[in-house]
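>>> structure for this input, please:
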Amino acid sequence: MPLASRCLSAHEINLPPMSDFRTLPPMKTSLGAEASPVSAPKSGATRITSIDALRGFVMFTMIFVNALHGAGQVVPDWMVHFDNRHAGGSGMTFVDLVFPAFLFLVGMSIPFAVGSRLAKGEPIWRIAVHVLTRTLSLLMLGILEVNGSPDSQLLGWPGWLWPVWMFACAILAFGSVSPCGDNPIPNTVKRCKTLTTVLRVAGFAGLIYLTFVFRGPNDQRIITLLPFSIHTKWWGILGLIGWAYLIAATVFLIFRAHRTALLSCFALLVCLYPAQKTGLFDHLWFEHYASLGETLGAHASIAVAGLLLASILVSPDLLTHRSRVNFTVLFVAGCFVAARLLAGLYGISKDAATPSWCLWSCAITAALWLGFYYLCDVTPAQAITPFTIAGQNVLLAYLLSEILPSFSALAGQNLAGAIAISVVCALVVLWITARLNRAGFWVRL
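Residues are numbered from 1 along each chain as shown. This is a model prediction of the structure:
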């Protein structure tokens with residue numbers, strides 16, 4: 001499916017489970033005022049509620065706009081991708097923010113997911129294998145996703161069934177069944193592990209079968225063995241997230257939470273886009289597989305920007321709400337000014353992944369996180385809880401949303417009806433996800 005028609009998906013897909021917190025003593029802020037203590041994570045796994053809440057909000061928005069897309073021309077310009085109605089123009093809508101918001105959240109999750117492995121003393125080589133395995137899994141799903149339109153006649157059965165089965169098999173292949181309750185009996189744990197293994201074997205077997213049975217237009221195959229080749233028009237949303245995750249996780253393993261180094265990496269990655277436009281990478285063999293300017297530069301820069309912002313949550317010198325708010329405000333202001341300055345150079349375009357679009361995305365997503373940080377971690381609000389729950393397993397929600405059809409077209413030319421149907425679709429997917437999680441089923445990469 002074309003990049004302009006879909007919004008996207010998941011992050012450093014699941015943060016580790018909740019752990020205890022220790023409360024720090026009151027501290028003085030940089031302004032000398034008494035600050036309320038901030039809960040700081042122990043050297044282990046933890047979750048930041050505001051990150052989960054923002055991720056859940058972005059997932060809700062993604063499902064909503066994807067469902068609304070089926071309503072066609074009745075949808076106003078500001079509720080679809082900018083390039084859909086203004087090809088080659090400069091600008092963005094809130095729909096163009098969904099994909100980069102997930103990239104940003106990928107980076108924000110890394111200090112906790114990868115950091116917890118470091119805190120437990122896990123060897124670097126093993127963490128690197130984990131990062132590479134997760135990247136390859138996302139690339140594989142991305143390749144299958146972009147080849148989701150087989151030729152029914154050549155396939156021998158209705159082509160619309162192929163992507164449905166593919167996403168269902170992906171859920172099984174990366175699914176995990178865990179016992180419910182805090183003190184499960186040993187036999188239950190053993191049965192859950194056995195069931196998880198059975199489901200994963202069935203899921204991977206299904207993905208392999210669907211990969212080789214696929215027949216596209218002109219008998220196009222996804223994979224051929226002699227000679228070996230893989231058909232990819234592009235990497236797909238999940239694949240692009242995989243590349244960005246690989247770069248951001250590597251940056252974190254090298255520099256950890258060193259903010260100066262992370263800021264430098266962010267700036268360098270943004271600079272890869274104009275370097276590509278000048279032809280600097282034209283003769284590099286890797287350009288045939290992943291664009292250094294867009295995929296490994298622009299998209300990865302957004303993830304590293306999220307990593308930079310999240311570093312304030314694990315740094316010992318930013319332990320008060322005020323210091324974190326001050327940093328975030330400066331971060332948003334810097335990205336905002338840079339986005340304005342660069343807008344005239346290449347324009348603002350999601351499809352082209354221009355620097356201005358990247359910086360606008362970072363500024364807006366960081367501002368949204370700051371709002372959720374206040375509502376979740378400073379003055380907790382119960383109204384945010386549904387988003388927090390939804391944000392804990394967004395890959396499952398994304399895969400489910402790809403299986404379910406869009407019903408917005410049933411509203412005809414009624415925009416209000418299409419919006420209502422799309423909202424219901426988003427809520428149903430998130431509700432199903434929450435119920436499956438409560439029953440002990442998760443999707444993890």
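
>>> report the secondary structure state of the residue nearest to Gly70 when sequence neighbours are not counted.
Using C-beta to C-beta, 6 or more residues apart in numbering and skipping residues adjacent in sequence, the residue nearest Gly70 is Ser406, 3.4 Å away. (C-beta placed from N, C-alpha, C; glycine too.) Under DSSP: H, G, I helix; E, B strand; the rest coil, the three-state class of Ser406 is coil.

>>> where in the stretch 1-150 of the chain is pLDDT low?
In the predicted model, the stretch 1-150 of the chain carries pLDDT under 70 at residues 1-47.

>>> can you map out the strands along it?
In order along the chain, the stretch 1-150 of the chain carries the following strands (DSSP state E, counting those that start in this stretch): 21-23, 27-28, 34-35, 39-41.

>>> ok, which stretches of the stretch 151-300 of the chain are helices?
With helices called from DSSP state H, counting those that start in this stretch, the stretch 151-300 of the chain shows them at 152-155, 161-173, 186-213, 236-255, 259-277, 300-310.

>>> name the helices or strands packed onto the fourth one?
Counting by 3 or more C-beta pairs under 8 Å, 6 or more residues apart in numbering; DSSP states H and E, the packing neighbours recorded for helix 236-255 are helix 98-119, helix 124-146, helix 259-277, helix 300-310.

>>> contacts only, for the residue nearest to Leu284 when sequence neighbours are not counted.
Excluding its sequence neighbours, the residue lying closest to Leu284 (C-beta to C-beta, 6+ apart) is Leu292, at 6.9 Å. With contact taken as C-beta atoms under 8 Å, 6 or more residues apart in numbering, Leu292 is in contact with Leu272, Ala275, Gln276, Phe281, Leu284, Phe286.

>>> next: Val270.
When contacts are counted by C-beta under 8 Å, 6+ apart, Val270 is found next to Gly297, Ala298, Ser301, Pro355, Cys358, Leu359.

>>> rewinding a little: mind putting the contacts of Leu292 in a markdown table, neighbour count included?
Converted to a markdown table, the contacts of Leu292 look like this (neighbours: other C-beta atoms under 10 Å):
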| residue | neighbour count |
| --- | --- |
| Leu272 | 22 |
| Ala275 | 14 |
| Gln276 | 20 |
| Phe281 | 17 |
| Leu284 | 11 |
| Phe286 | 10 |
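
>>> wait, isn't Asp399 in contact with Val443?
To be clear, residue 399 is Leu; Asp isn't right here. Yes: in this structure, Leu399 sits in contact with Val443. The criterion is C-beta atoms under 8 Å, and the distance is 6.7 Å.

>>> any common contacting residues for these two?
Between them, Leu399 and Val443 share these contacting residues under C-beta under 8 Å, 6+ apart: Ile171.

>>> highest mean neighbour count out of the helices of the stretch 151-300 of the chain?
Highest mean neighbour count of these: helix 300-310, a mean of 30 (counted as mean count of other C-beta atoms under 10 Å).

>>> for that helix, name the packing helices and strands.
With contacts defined as 3+ C-beta pairs under 8 Å, 6+ apart, helix 300-310 has these neighbours: helix 98-119, helix 236-255, helix 259-277, helix 321-346, helix 355-373.

>>> one more pass at 7 Å, please.
helix 98-119, helix 236-255, helix 259-277, helix 355-373 (3 or more C-beta pairs under 7 Å, 6 or more residues apart in numbering; DSSP states H and E).

>>> next SSE after the last one?
So that's helix 355-373. Beyond helix 355-373 on the C-terminal side, the first helix or strand identified by DSSP states H and E is helix 385-390.

>>> in that next one, what counts as buried?
For helix 385-390, a neighbour-count test (16 or more other C-beta atoms under 10 Å) marks Pro386, Phe387, Thr388, Ile389, Ala390 as buried.

>>> chain neighbours aside, what residue packs nearest to Pro76?
Distance criterion C-beta to C-beta, 6+ apart; nearest residue to Pro76, sequence neighbours excluded, is Leu415 at 7.5 Å.

>>> how deep is the residue nearest to Ala383 when sequence neighbours are not counted tucked in, by neighbour count?
Distances taken as C-beta to C-beta, 6+ apart put Leu375 closest to Ala383, at 7.9 Å, once the chain neighbours are dropped. Per other C-beta atoms under 10 Å, the neighbour tally for Leu375 reads 18.

>>> just the pLDDT for Leu375.
Taken from the predicted model, the pLDDT recorded for Leu375 is 94.

>>> was I right about it contacting Phe387?
No: between Leu375 and Phe387 there is no contact, the gap being 9.5 Å when judged by C-beta atoms under 7 Å.

>>> distance of Trp78 from His86?
When distance is defined by C-beta to C-beta, to the nearest Å, Trp78 is 11 Å away from His86.

>>> no further questions, thank you.
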